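Participant: Build me a model:
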Amino acid sequence: MSKKNPKDLISQSQDAILVDFYADWCGPCQTMSPILEEALRDLGGKIKLLKLNVDKHPQLSQQFAIRSIPHYILFKRGKILWRKGGVITKRELLQQLKGFVG
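Facilitator: Numbering: from 1, shown residues only. Got it, this is the predicted structure:
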């Protein structure tokens, strides 16, 4: 993704964007990173991935009430379509996201 303001990317994107709220020191976040990328690749790139480090973007984390990481929120045109926290399997992630790709 480009270096634009993450808040602008979330609110202005016409595409669905899965925001991965993570931290570099978070083991479960590191475990989920390749799973997220693989699942989104399996969906044909119809959902974009935006990785958001909670340590570098505390105000956005607070705005979206992120209490624990990893945490994922699917946005389209600034609206929340789906959200989930914690480690999930690729299969579960694909089942959840398939309904949002046209």
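Participant: Identify the residues contacting residue 7.
Facilitator: Residue 7 makes contact with residue 60, according to CB atoms under 8 Å, 6 or more residues apart in numbering. C-betas here are computed from N, CA, C, even on glycine.
Participant: Helices of the protein, start to end?
Facilitator: Per DSSP state H, the chain carries helices over the ranges 6-12, 27-42, 58-63, 90-98.
Participant: For residue 20, find the nearest of those helices.
Facilitator: Closest of the helices of the chain to residue 20 is helix 27-42, at 5.9 Å (criterion: CB to CB).
Participant: helices or strands up against that closest one?
Facilitator: In terms of contacts (3 or more CB pairs under 8 Å, 6 or more residues apart in numbering; DSSP states H and E), helix 27-42 is packed against strand 16-22, strand 47-53, helix 90-98.
Participant: can these go into TSV with extra columns for distance to residue 8, mean neighbour count and mean pLDDT?
Facilitator: Formatted as TSV, those follow (distance: least, CB to CB, whole Å; neighbours: other CB atoms under 10 Å; pLDDT from 0 to 100):
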stretch	distance to residue 8	mean neighbour count	mean pLDDT
strand 16-22	11	22	96
strand 47-53	11	18	95
helix 90-98	23	15	95
